[in-house]
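Engineer: This is a predicted model, with the sequence first.
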Amino acid sequence: MQWRLFVLILMGQCSFFTCHIYEYHFIREEKSWDEAKKYCREKYTDLATVSNMRDMKRLTKHSKNKEAWIGLHSIPRTERSWHWSLPGLEFKESETKWMDGQPNINAEENCVVIRDQKWQDFPCNKKFDFICYNEPKKTYHCKNAAKNWLQAQSYCREHHTDLVSGITQMTSTDFKVQVGECELNIERPPNPDKNLWIGLFRDTWSWSDGKKFSFRHWEDSFEDVASKTCAITTSNGKWSSDTCTVKKPFYCYEDKVILIKENKTWDEALDHCRENHRDLVSITDSHQQRWVQEKAEMADTEFVWLGMRYTCTLDLWFWVSDRLVCYHNWAPDEMAECGMAGVMKRDGKWYKKADSETFNFICVK
């Protein structure tokens with residue numbers, strides 16, 4: 001009876017438990033972007049990095065009426081890179097459906113449409129219909145309303161999840177059906193070729209801490225001006241840019257996740273984290289998975305210990321924070337065995353290892 005009660009308590013915590021593995025700090029003192037970056041690195045971790053809409057709400061909840069620096073800045077225009085609008089999806093050149101001759105080298109064509117199941121880059125200020133994507137139902141929604149790319153992205157994020165993103169989504173049967181229906185309803189200028197915006201774009205913006213997160217939340221009217229190379233939050237929570245020498249308040253973030261480059265068994269790693277920080281890290285959703293994976297990629301060992309262990313008595317995996325493993329990212333064919341604990345490989349996949357093996361590990365403060 002006691003074990004059953006324990007399991008029920010654990011299972012009840014799957015749906016609502018959230019642990020922030022980094023914290024935002026709003027600094028009212030006005031500084032230039034470089035001064036703000038220096039301040040954040042001395043007092044916390046860095047200027048704020050924002051990886052999804054949940055971050056946006058956390059970031060601006062106390063200061064929506066002020067413009068403030070964040071850690072996004074422009075890099076040389078020769079270093080443009082492609083990103084998916086939906087956070088967490090990595091763009092891979094090997095997984096593309098470009099038309100012949102695309103993408104071209106036109107500096108103004110930084111957003112992408114789909115036509116006849118092929119992709120073409122276009123200036124982002126052109127107005128076309130578009131396709132939204134909805135999680136977790138994995139449904140697609142055609143919108144026959146001509147908008148520029150940023151307006152289309154805003155609409156999809158407000159009413160659905162995001163613009164359709166990723167090769168998996170765009171090769172699904174449901175998506176192809178929705179595209180066909182959408183094209184049938186396009187009967188007006190300025191879209192005689194039946195172009196539809198998708199969530200692929202390229203830009204020259206990068207985070208000051210070096211993280212690869214592709215999330216952007218620009219104003220619908222945003223224009224990438226060469227003299228304004230540092231990003232700010234605006235009064236409505238969206239982003240614009242300004243000259244980096246202008247003095248403004250700013251956001252820092254404090255990273256709670258720490259990679260320990262010492263080889264220890266799982267129990268030794270657990271003891272180290274609890275003695276020097278808070279605990280071995282727990283991962284409760286895909287967003288935290290991406291954040292922790294950034295640390296794992298820098299480890300000296302192929303695997304890093306996570307705060308996850310298997311109990312034979314209850315036949316389940318659990319986090320040392322006393323939560324069940326509800327979200328997971330297991331590699332294929334990883335089966336539970338007694339005496340096993342969870343590790344993350346550099347590619348982000350989870351594996352089981354004997355808890356007597358030694359690896360680097362990740363603590364949370």
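Structural biologist: On my side now, so go ahead.
Engineer: Against which helices or strands is the helix or strand encompassing residue 150 packed?
Structural biologist: Residue 150 is part of helix 149-159 when elements are defined by DSSP states H and E. Applying 3 or more C-beta pairs under 8 Å, 6 or more residues apart in numbering; DSSP states H and E, one finds that helix 149-159 makes contact with strand 128-134, strand 139-147, strand 162-163, strand 196-203. C-beta here means a position set from N, CA and C on the backbone, and glycine is covered the same way.
Engineer: Of all the ones you listed, which one comes closest to residue 48?
Structural biologist: Residue 48 sits nearest to strand 196-203 of all the helices and strands packed on helix 149-159, at 18.1 Å, using C-beta to C-beta.
Engineer: Other residues contacting the helix or strand that that closest one is followed by?
Structural biologist: The first helix or strand that comes after strand 196-203 along the chain, using DSSP H and E, is strand 205-207. Contacts with strand 205-207, where a contact means C-beta atoms under 8 Å, 6 or more residues apart in numbering, come from 49, 71, 72, 73, 74, 75, 213, 216, 231.
Engineer: Then stretch 98-110?
Structural biologist: 77, 80, 112, 115, 118-124, 201-203.
Engineer: Stretch 43-61: which residues count as buried?
Structural biologist: Going by neighbour count (16 or more other C-beta atoms under 10 Å), the buried part of stretch 43-61 is 44-53, 55-56, 58-60.
Engineer: Quick one: end-to-end distance for that stretch.
Structural biologist: Length of stretch 43-61, first residue to last, C-alpha to C-alpha, to the nearest Å: 21 Å.
Engineer: In contact with residue 308, which residues?
Structural biologist: 282, 317, 318, 319, 320, 325, 341, 342, 350.
Engineer: helix, strand or coil for the residue nearest to it when sequence neighbours are not counted?
Structural biologist: If the residues on either side of it in the chain are set aside, residue 308 comes closest to residue 342, at 3.3 Å by C-beta to C-beta, 6 or more residues apart in numbering. The three-state assignment at residue 342 reads strand, by DSSP: H, G, I helix; E, B strand; the rest coil.
Engineer: any idea of the pLDDT on residue 342?
Structural biologist: In this model, residue 342 is scored at 95, pLDDT.
Engineer: Run a quick neighbour tally on it.
Structural biologist: Each residue near residue 342 was counted by other C-beta atoms under 10 Å, and the total is 27.
Engineer: So it is in contact with residue 354, correct?
Structural biologist: No - Residue 342 sits out of contact with residue 354 when judged by C-beta atoms under 8 Å, with a separation of 11.7 Å.
Engineer: if we can go back for a sec, buried only: go through the contacts of strand 205-207 for me.
Structural biologist: Buried residues within the contacts of strand 205-207, counting neighbours by 16+ other C-beta under 10 Å: 49, 71, 72, 73, 74, 213, 216, 231.
Engineer: can you confirm the third one is in a strand?
Structural biologist: This means residue 72. Yes - the assignment for residue 72 is a strand, going by three-state DSSP.
Engineer: and it, how far is that from residue 286?
Structural biologist: Spatial separation of residue 72 from residue 286 under the definition C-beta to C-beta, to the nearest Å is 22 Å.
Engineer: With just CA atoms, put stretch 158-170 into CSV.
Structural biologist: Provided in CSV are the C-alpha atoms of stretch 158-170 (Å, rounded to 0.1, in the frame of the first residue of the first chain):
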residue,chain,number,x,y,z
GLU,A,158,-1.0,33.7,-31.6
HIS,A,159,-3.7,31.3,-33.0
HIS,A,160,-1.8,28.0,-33.3
THR,A,161,1.9,27.0,-32.5
ASP,A,162,4.0,28.4,-35.3
LEU,A,163,4.5,28.5,-39.0
VAL,A,164,4.9,25.0,-40.4
SER,A,165,8.6,24.0,-39.9
GLY,A,166,10.9,21.1,-40.5
ILE,A,167,11.1,18.5,-43.2
THR,A,168,9.1,15.9,-41.2
GLN,A,169,6.1,18.2,-41.1
MET,A,170,6.4,19.1,-44.7
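Engineer: residue contacts, residue 75?
Structural biologist: Residue 75 neighbours (C-beta under 8 Å, 6+ apart): 204, 205, 206.
Engineer: repeat that for 7 Å
Structural biologist: Shown here is residue 75, whose contacts under the criterion C-beta atoms under 7 Å, 6 or more residues apart in numbering are 204, 206.
Engineer: residue boundaries of the strands in the stretch 201-350 of the chain?
Structural biologist: Secondary structure of the stretch 201-350 of the chain (DSSP state E, counting those that start in this stretch): strands located at 205-207, 230-233, 239-242, 248-255, 257-264, 279-280, 303-311, 316-319, 340-345, 350-354.
Engineer: Over to the stretch 1-150 of the chain?
Structural biologist: Along the stretch 1-150 of the chain, counting by DSSP E, counting those that start in this stretch, strands occupy 22-31, 46-47, 68-74, 81-84, 111-115, 118-122, 128-134, 139-147.
Engineer: For those, could you give me JSON lines that also reports mean pLDDT?
Structural biologist: Output for these, formatted as JSON lines (pLDDT from 0 to 100):
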{"stretch": "strand 22-31", "mean pLDDT": "94"}
{"stretch": "strand 46-47", "mean pLDDT": "98"}
{"stretch": "strand 68-74", "mean pLDDT": "96"}
{"stretch": "strand 81-84", "mean pLDDT": "94"}
{"stretch": "strand 111-115", "mean pLDDT": "94"}
{"stretch": "strand 118-122", "mean pLDDT": "94"}
{"stretch": "strand 128-134", "mean pLDDT": "93"}
{"stretch": "strand 139-147", "mean pLDDT": "90"}
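Engineer: Go through those and name the closest to residue 269.
Structural biologist: With respect to residue 269, and counting by C-beta to C-beta, the nearest of the strands of the stretch 1-150 of the chain is strand 22-31 at 20.8 Å.
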